[in-house]
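**Q** coordinates only, no sequence provided:
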């Protein structure tokens with residue numbers, strides 16, 4: 001193997017603000033001698049294993065050092081003066097790094113819509129990283145009801161084969177090369193770097209590698225594992241945005257959650273309680289009710305044994321609740337209007353029992369009810385929104401203020417994903433389900 005080289009970190013820190021990890025192979029030295037220095041000149045304490053390779057011969061360097069180990073003055077001066085040239089240089093080097101990836105990868109997805117049995121193992125090309133994208137080696141994927149909507153055809157799929165999953169976390173193995181992106185202030189605030197840990201949001205997450213627009217990748221703070229991030233991104237982001245924007249929960253509000261003991265419901269219970277609300281939830285068993293109370297629910301109604309409408313009205317002195325967050329859909333929609341108070345807000349969160357059927361707008365008139373069917377994607381639509389909400393969410397998790405309960409970890413097989421969806425839709429779970437795709441030995 002040829003000598004290994006590293007990028008002159010002084011240029012990177014001042015020009016591109018690369019903060020954590022850069023990996024270079026020997027080919028870079030032959031083309032860009034002014035930017036690199038022989039690896040043998042670097043103290044061994046600065047070297048760490050390359051995230052792209054298990055080989056001990058492939059090394060990386062943290063960019064905390066600012067020592068200029070090689071400097072060709074004429075070319076170096078030109079590069080300082082010509083930012084565009086340096087951008088192209090970095091892009092070429094980054095392309096060399098991503099060329100170390102395998103050509104093929106494994107994924108779990110579908111070739112047609114249908115029942116659980118359409119889920120199968122796929123062999124697909126490793127995605128080519130677009131100039132504005134981040135390429136991620138996936139450690140874990142999160143299971144969500146939206147996966148079943150895609151599988152059944154409730155949500156459209158543009159082409160097949162299609163990997164399932166919309167939520168994952170792992171490590172960056174490819175960065176954007178588009179100069180416009182690299183100069184974007186919001187991009188710089190993300191602090192992305194090779195080897196850095198991120199959570200990503202987008203269809204196709206149950207794959208060994210995913211390429212996503214940089215806006216849909218969210219850097220993890222120190223101390224937050226990719227396992228927890230994959231379990232918390234979508235549901236945590238959904239709850240945080242919904243209790244802020246769909247209905248801005250205030251101290252003293254009384255709020256109903258259908259259902260309270262799943263992964264989403266337990267997050268609702270914690271964040272609603274933290275805002276000073278009285279939390280009423282529904283669930284199916286006493287065991288689930290006990291867990292919901294541990295996570296902040298004040299009152300839990302066993303909907304299979306109790307009259308939910310009657311109990312809610314008893315708890316609210318006949319007035320009803322200020323807001324309802326309903327993840328069930330068809331089976332609870334009509335009764336929501338009996339439990340909401342005048343000028344209250346119903347937020348349709350999901351369709352666990354099926355989609356809400358069409359209804360006349362006049363239904364809202366009786367109590368001047370507000371009805372919303374929002375999505376997380378439209379609350380984190382801009383880069384600033386995504387960064388702001390993800391930063392707040394990960395801070396809450398890392399600090400222990402928001403606990404992510406993981407119900408089960410499933411293998412990265414067709415049978416594993418099938419079983420995860422069966423357990424999720426069968427109401428057998430308390431907490432989040434995740435797929436173990438390719439996690440590191442230690443994290």
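**A** Cool, got the structure. If you're wondering where the values come from, they're calculated on a predicted model, not measured in any experiment.

**Q** measure stretch 154-168 end to end?
**A** Stretch 154-168 stretches 22 Å from its first residue to its last (C-alpha to C-alpha, to the nearest Å).

**Q** just the buried positions in it, please.
**A** 157, 162, 163, 164, 165, 166, 167, 168 (16 or more other C-beta atoms under 10 Å). For the C-beta atoms, the positions are set from N, CA and C on the backbone; glycine is no exception.

**Q** same question for stretch 208-228.
**A** Neighbour-count burial for stretch 208-228, counted by 16+ other C-beta under 10 Å, picks out 208-220, 224-228.

**Q** circling back: show me which of the buried residues of stretch 154-168 is closest to residue 366.
**A** Within the buried residues of stretch 154-168, proximity to residue 366 (C-beta to C-beta) peaks at residue 166, which comes in at 36.4 Å.

**Q** what sits against that closest one?
**A** Applying C-beta atoms under 8 Å, 6 or more residues apart in numbering to residue 166 gives the contacts 142, 144, 146, 147, 201, 202, 203, 205, 234.

**Q** which of those are buried?
**A** 142, 144, 146, 147, 201, 202, 203, 205, 234.

**Q** take those and keep only those in strands.
**A** 142, 201 (DSSP state E).

**Q** would you list the buried ones among the contacts of residue 166 in JSON lines and tack on pLDDT?
**A** Listed next are the buried ones among the contacts of residue 166 as JSON lines, based on pLDDT from 0 to 100:
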{"residue": "142", "pLDDT": "97"}
{"residue": "144", "pLDDT": "92"}
{"residue": "146", "pLDDT": "91"}
{"residue": "147", "pLDDT": "95"}
{"residue": "201", "pLDDT": "91"}
{"residue": "202", "pLDDT": "91"}
{"residue": "203", "pLDDT": "95"}
{"residue": "205", "pLDDT": "97"}
{"residue": "234", "pLDDT": "95"}
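
**Q** distance of residue 164 relative to residue 220?
**A** From residue 164 over to residue 220 the distance is 23 Å, taken as C-beta to C-beta, to the nearest Å.

**Q** and residue 239, by the same measure?
**A** 19 Å.

**Q** so who does residue 300 touch?
**A** Per C-beta under 8 Å, 6+ apart, neighbours of residue 300: 260, 261, 280, 281, 282, 283, 289, 292, 293.

**Q** do residue 310 as well
**A** Applying C-beta under 8 Å, 6+ apart, no residues qualify as near residue 310.

**Q** about what we covered before: among the contacts of residue 300, which ones are in strands?
**A** Filtering the contacts of residue 300 for strands - DSSP E - leaves 280, 281, 282, 283.

**Q** of those, closest to residue 397?
**A** residue 281 (21.0 Å).

**Q** unless I'm mixing things up, that closest one is touching residue 297, no?
**A** Yes: counting by C-beta atoms under 8 Å, residue 281 does reach residue 297; the two are 4.6 Å apart.

**Q** shared neighbours, those two?
**A** By C-beta under 8 Å, 6+ apart, the residues touching both residue 281 and residue 297 are 257, 260, 269.

**Q** can you tell me which of the residues you listed is nearest residue 414?
**A** residue 260 (31.5 Å).

**Q** and that closest one, how many residues sit next to it?
**A** Neighbour count of residue 260, defined by other C-beta atoms under 10 Å: 30.

**Q** the nearest residue to it once chain neighbours are set aside and residue 372, how far apart?
**A** Counting by C-beta to C-beta, 6 or more residues apart in numbering, residue 281 is the residue found nearest to residue 260 once chain neighbours are left out, at 2.5 Å. Distance of residue 281 to residue 372, given as C-beta to C-beta: 20 Å.

**Q** which residue of these two possesses the greater neighbour count?
**A** The neighbour comparison of residue 281 against residue 372 (other C-beta under 10 Å) goes to residue 281, with 29 against 13.
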